[in-house]
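Novice: no sequence for this one, just the structure:
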């Protein structure tokens, strides 16, 4: 019997090795898997590469992970915000690497990894420092930059509900990067508000099919099968 539901966030993050690339969902403060991020902190993996839209807010969640000093590099679109002081301090001190990726390119590079696309051309970034050293090509009179997929060893995402097969539904904007990150990682771990019986999710509402999810953990008030 297929049952991907695990009892605790610690069990969900067991086995993450040093040097792993971790895709972490979230857009601003929407859809952030804070409980899984805390479990990653407690788990202790080091020398991590993190992929996220932002570089942490305040002192919690991703910012708390960065503060441990166990993240070697971050790929993101918006590293600087009013409350991104943890990243700012680390970057200015030369304690973390940054690969700045335009948001559309970030989403497409992650999607490309899940779709099995080897590379793609995009006009975004052409003529800027972000295209330095990259292959460029003119297509139909317009310049493009070659970009490569972003693969993850693990994806940590947040969904609204999940069943034991790993099928997931999301709540509005909290969906954001979750679906493409789930497709791009070798092991996707989803924290959900609640689990449901197999067959309870309307197939038309399932956004991430269970084939892309390896572990599901309920962190909301309702836990069930």
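Specialist: On my side now, so go ahead. All values reported here derive from a predicted model rather than from experimental measurement.

Novice: residues contacting residue 35?
Specialist: 9, 191, 217, 219 (C-beta atoms under 8 Å, 6 or more residues apart in numbering). Yep, even glycine has a C-beta here, placed from its N, CA and C like the rest.

Novice: following the longest helix seen in the chain, which helix or strand shows up next?
Specialist: The longest helix of the chain (DSSP state H) is helix 103-115. Remark: after helix 103-115, the chain's next helix or strand is strand 120-122, criterion DSSP states H and E.

Novice: quick one: that next one to chain centroid distance?
Specialist: 21 Å (C-alpha atoms, centre = their mean, to the nearest Å).

Novice: Mind giving me the packing neighbours of it?
Specialist: helix 103-115, strand 142-147 (3 or more C-beta pairs under 8 Å, 6 or more residues apart in numbering; DSSP states H and E).

Novice: how far away is the residue lying farthest from the centre of the chain from residue 174?
Specialist: Most distant residue from the mean C-alpha position of the chain: residue 141, 34.8 Å away (C-alpha atoms, centre = their mean). Note on residue 141: its distance to residue 174, by C-beta to C-beta, to the nearest Å, is 40 Å.

Novice: Quick one: the helices in this structure, in order.
Specialist: Using DSSP H, the helices of the chain run over 9-12, 34-43, 62-67, 85-92, 103-115, 178-184.

Novice: which of the residues in the fifth one are buried?
Specialist: If I follow you right, that is helix 103-115. Across helix 103-115, burial judged by 16 or more other C-beta atoms under 10 Å covers 105, 106, 107, 108, 109, 110, 111, 112, 113, 114.

Novice: Between strand 142-147 and it, find me the angle.
Specialist: Counting by axes from the mean of the first three to the mean of the last three C-alpha atoms, to 10 degrees, helix 103-115 points 50 degrees away from the direction of strand 142-147.

Novice: pLDDT averaged over helix 103-115, what's the number?
Specialist: Throughout helix 103-115, pLDDT has a mean value of 97.

Novice: That helix packs against which elements?
Specialist: Against helix 103-115 (3+ C-beta pairs under 8 Å, 6+ apart) you get strand 120-122, strand 142-147, helix 178-184.
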